[in-house]
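# Below is the sequence, then the predicted model.
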Amino acid sequence: MGNRFSTSPGSHRPEAQSQAGRAPDAFGPERAHATTSTTLTALDRRSLLRGLAGAGLGLVIGVQLPRRAAAQSGAATAMSGGAGEAVGTFAPNAFIRIAPDSTVTVLIKHIEFGQGPYTGLATLVAEELDADWEQMRAEAAPADTELYKNLAFGVQGTGGSTAMANSYEQMRKAGATARAMLVAAASAAWGVPAAEIAIESGSITHKGTGKAAKFGEFADAASRLEPPENVTLKDPKAFRLIGTDLPKLDTSAKTTGAAMFTIDVDKPGMLTVLIAHPPAFGATVKAVDDKAALAVPGVVAVKTLPQGVAVYAEKFWAAKTARDVLDIAWDTSKAETRSTSEILTLYTEAAAKPGRIVKQRGAELGAANDGSKTIEAEYVFPYLAHAPMEPLDCVIEADADGCQVMAGSQMQTIDQAAIAQVLGLRPETVSITTMLAGGSFGRRATPNADIAVEAAHAAKAFASKRPLKLLWTREDDIRGGRYRPAYVHRLKGRIDAAGNIVGWQQTIVGQSIMEGTPFASMMKDGIDPTMIEGAEDLPYVIPNFQVDVHKLDVGIPVLWWRSVGHSVTGFSTETFIDELLALAGKDAVEGRLAMLGENTRHAGVLREVARMADWGGKVPEGRARGVAVHKSFNSYVAQIAEVSVGKDSAGKEKAPRVHKVWCAVDCGIAVNPNIVRAQMEGGIGYGLGAALYNAITLSGGKVQQGNFDTYRSLRINEMPDVEVSIIKSGEAPTGVGEPGVPPIAPAVANAWAKLTGTRVRKLPFVDIPA
Amino acid sequence: MQLDFDVNGKKHSLDIDPQTPLLWVIRDELRLTGTKFGCGIAQCGACTVMIDGQPTRSCVTPAAAVQGVKIETIEAIDSPEARAVKAAWVAIDVPQCGYCQSGQIISAIALLSENRAPTDDDIDGAMAGNICRCATYVRIRQAIKDAAAMLKE
């Protein structure tokens, strides 16, 4: 199998995004909401809100698909110019190109960093098109908000595990439209009724006449037809590709070294840029002595930027060597110089009092009676870095007329606007080629477009047309901020004499991710939903219930981290409910099921995981099992972890050793079950590594970790066996990139409590002084 | 300083700082980009290449230290073990983001070249130096076993 996807480096020219030939009505009602404003605060409120409510998922699908002006005008190469598009290519809409050689290229509006949109979205198109999987290709769509916005956000971007959910109807419609046009072209050419023409596995056939053709033979003819206004989508019962383990389109290139990431881009005359960042968040450059740096062979320039001091060099090693010998005086007068221990002390003090109430029913905890028991627990969660394997990077080439960017952009609309603002350009003159990215886990989706803005400033300060490749080292990544926020949660719970959980009160203390960003429009009554998600919607029926929140202002930049607020609330709620059930003498699975009320999908995954693990059956000596269930991003995941007490090299008992994890997931229709399983496996490993080992701590404002020696990653010898079961469902697909993460840490902690008698209140398991 | 490199069977003579890590010789000078930068301190294994048949972290190996040796990278590595590993990787879709996979594959080839019937412990021992942040470890373990089975046939 050859390379079945491309990012077509350099092929998305700015002029491709001009308005020429684009009829306003071609975009349907969605057009009114499109935004490519130069100000970052102007993102459309209604669109963002639509995304929030997970609303999301009752999605407004545009009646009409965005069409490609270029294809209609015959200027077939205007948009993607390069490789794929030969004369006679059929491009019925902005998402599909069918070439004369019958290859079908799907333009993927979501960044691929392992979660599988290249394969998943191409599957949706192939299904409705009745294509053969072998003829399918995927290519990154260019940055163009109107054509490629995430229907859950209203802007072009990937996050919240929405790629499949928001594309499910849109991509199928794109495929069905193309199919109808191929059929119409064949009908005209063969002189037979369209209704008598069949398509199967990429073959167009007419039984009566015995005629048969491949897509490519009608690509040119189909491209001259008007797309139908309405198409009928398949009944899911007729799916042939959706629901099967189709091989991933990007696997081959990722096993030969051929896959191209941003760090691999080479352009004639390109320089590598490294930036010396401040030693504390909010510090600025006071003075620079760059003599030694400029003396390093291969160094071209040193410039001071708002973000720090940039070294421009011919190659990485020269840039790195020079950066190491920069002598910089920093102004820390406005910097955040507190230690994490001081910050967490403030959080703990705040948590002692109820905060602003976000959800309340019944009376506080309910009445305390004879035989009732009340318990209270305080949980402490650390800041976490994302640490994707490919450190942040961005290739930029700018002049007065426009700018070409190649990067693992996760929020193209925001990056485009931010770069334009720095360089004084119109956003539509900033082209972005979205590259494969070596992981993200949320890090590449920054509301302030941090890496893109840094690259734009580097280009502006250098004022040369030479292309620049901005690279972060691992230390830049670990110390560069935008962490999963630290939190303190205080929970109180009460059981009555009969052992029923009658009261629940949760106080949440932390930082807002959204405040002060374009995403602030998703906040409701001043409350950042990422602080309370997974807590305010606790699935258990408890008559007296309250969740309240304290938002504190801290100068440590924070960001969504795989599963966002759920990475915190999943732990506190699922360990505390486990503790209350244990106190009541109830089984952890039966006890939960009894309280799930109408939450049948939670119950479904919980029953399934209990079945898989033979919950209640014999557990090997020295081991214990813990369970947790959590809904996030409209997907439901339950996990059971089998755990023993691990020993360190000196034979001393230490962190949990996780042997096996059973996982049941309900994500609606599983478009590619193999990718769903892979995302559960990966989510478990990612969540487990963080829970066992990770904390970002600051001392005097300085981040104390710097690389994988001090910020440990889970390794293969620490990875449990994982068994995944997918609940069969006819519901529309929901996300799988994040929902595998929240249940693993509480499942392990619940097993740990059984093993050792100790409830885990502070993460990570391995103690790291704050 | 003029240094000579034998990479993927081709000889190169370059005038460079002898302290330059081999990783950056391979990536920036020879433009072979399948070998990745992940940490720079031999913690993650994304930069793993084969030097005289031994898996080596190129990010901490100075250019001056690899004179007169044969260097193989992901782009060209070929042997019965290499073919089996790559086929096994593709068959069960091991990669997610894919960034660490060149290093993973080189380490797996090195393991199978020494040990055609690795146990779980052997696999853990040989692969623990390669971090995968996507945590594709379950499949890496399986693919190595599958490759071992293919080599037996």
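The structure has been received and is ready for your questions. Since this is a predicted model, take the numbers as computed values, not measurements.

# which residues does the residue nearest to the spatial centre of chain B contact?
Computing the C-alpha centroid of chain B and ranking residues by CA atoms, centre = their mean puts B:Ile106 first, at 3.0 Å. When contacts are counted by CB atoms under 8 Å, 6 or more residues apart in numbering or on different chains, B:Ile106 touches B:48-50, B:55, B:74, B:77. The way it works is simple: take the backbone N, C-alpha and C, and place the C-beta from them, glycine included.

# Could you do A:Glu515 as well?
Counting by CB under 8 Å, 6+ apart, A:Glu515 makes contact with A:523, A:528, A:551.

# What is the neighbour count of the second one?
Read it as A:Asp528. The local packing of A:Asp528 (other CB atoms under 10 Å in any protein chain shown) involves 22 other residues.

# pretty sure it is touching A:Lys551, no?
Yes - using CB atoms under 8 Å, A:Asp528 and A:Lys551 qualify as a contacting pair, with a distance of 6.9 Å.

# which residues are common contacts for the two?
With contacts taken as CB under 8 Å, 6+ apart, A:Asp528 and A:Lys551 have A:512, A:515 as neighbours in common.

# The longest helix seen in chain A and chain B, are they touching?
Longest helix of chain A, by residue count under DSSP state H: helix A:163-190. No - counting by CB under 8 Å from any CB of the partner chain, chain B is not contacted by helix A:163-190; separation bottoms out at 14.0 Å.

# Any buried residues in that helix, and which?
Within helix A:163-190, the residues that count as buried by 16 or more other CB atoms under 10 Å in any protein chain shown are A:163-187, A:190.

# cool, and stretch A:251-266?
Taking 16+ other CB under 10 Å as the basis for neighbour counts, the residues of stretch A:251-266 that come out buried are A:251-265.

# pLDDT weak spots in the chain?
All of this is about chain A. A:1-3, A:6-86, A:648-649, A:651, A:653, A:770 (pLDDT under 70).

# 80 instead?
Within chain A, the set of residues satisfying pLDDT under 80 comprises A:1-87, A:648-653, A:768-770.

# what's the helix or strand for the residue nearest the centre of it?
Compute the mean C-alpha point of chain A, and by CA atoms, centre = their mean the closest residue is A:Gly159, 4.0 Å away. Assigned by DSSP states H and E, A:Gly159 belongs to no helix or strand.

# Pull the contacting residues for it.
In this structure, A:Gly159 makes contact with A:150, A:153, A:410-411, A:442, A:445, A:560, judged by CB under 8 Å, 6+ apart.

# which among the contacts of B:Ile106 are in contact with chain A?
B:Ile74.

# closest to A:Thr433 among the contacts of B:Ile106?
The shortest approach to A:Thr433 among the contacts of B:Ile106 belongs to B:Ile74, at 23.5 Å (CB to CB).

# Make sure I have this right: the closest one is in a strand.
No - inclusion of B:Ile74 in a strand is not indicated when DSSP: H, G, I helix; E, B strand; the rest coil is applied; the result is coil.

# So which residues on the stretch 151-300 of chain A come close to chain B?
Applying CB under 8 Å from any CB, one finds that the stretch 151-300 of chain A approaches chain B through A:247-248, A:250-261, A:263-264, A:266, A:272, A:297.

# please redo it, this time with the cut-off set to 10 Å
Within the stretch 151-300 of chain A, the positions near chain B by CB under 10 Å from any CB of the partner chain are A:245-248, A:250-261, A:263-266, A:272, A:296-298.

# now, which of the contacts of A:Glu515 sits nearest B:Leu30?
Using CB to CB, the contacts of A:Glu515 come closest to B:Leu30 at A:Asp528, 48.1 Å.

# Show me the domain layout of chain B.
When chain B is parsed into structural domains using automatic domain parsing, the resulting residue ranges are B:2-72, B:80-152.

# Which of these sits closest to A:Asp666?
Closest to A:Asp666 of these, according to CB to CB: domain B:80-152, at 20.9 Å.

# Start and end of that closest one, how far apart?
Taking CA to CA, to the nearest Å, the span from the opening residue of domain B:80-152 to its closing residue is 11 Å.

# same check, this time on stretch A:259-278
According to CA to CA, stretch A:259-278 extends 33 Å from its N-terminal end residue to its C-terminal end residue.

# Of all the helix elements in chain B, which one is longest?
If you go by DSSP H, chain B has its longest helix at helix B:137-152.

# which strands and helices sit next to that one?
Using 3 or more CB pairs under 10 Å, 6 or more residues apart in numbering or on different chains; DSSP states H and E as the contact criterion, the neighbours of helix B:137-152 among helices and strands are helix A:673-693, strand A:721-726, helix B:80-91, helix B:101-114, helix B:120-127.

# switch the cut-off to 6 Å
Helices and strands in packing contact with helix B:137-152 are listed as helix B:80-91; criterion 3 or more CB pairs under 6 Å, 6 or more residues apart in numbering or on different chains; DSSP states H and E.

# Quickly check: the helix it packs on near chain A or not.
Yes - applying CB under 6 Å from any CB of the partner chain, one finds that helix B:80-91 is in contact with chain A at B:86, B:89-90.

# what's next to that helix, contact-wise?
Contact with helix B:80-91 is made by A:251, A:255, B:105, B:108-109, B:112-113, B:143, B:146-147, B:150-151, as judged by CB atoms under 6 Å, 6 or more residues apart in numbering or on different chains.

# let's see 7 Å
A:251-252, A:255, B:105, B:108-109, B:112-113, B:143, B:146-147, B:150-151 (CB atoms under 7 Å, 6 or more residues apart in numbering or on different chains).

# picking up where we left off before, which one of the residues of helix B:80-91 next to chain A is nearest to A:Lys211?
Minimum distance to A:Lys211 across these is 36.6 Å, recorded for B:Val90 (CB to CB).

# how about the residue lying closest to B:Glu81 once chain neighbours are set aside, what does it touch?
Spatial nearest neighbour of B:Glu81, chain neighbours left out: B:Leu112 (4.3 Å); criterion: CB to CB, 6 or more residues apart in numbering or on different chains. With contacts defined as CB under 7 Å, 6+ apart, B:Leu112 is in contact with B:81, B:84-85, B:147-148, B:151.

# That'll do, ta.
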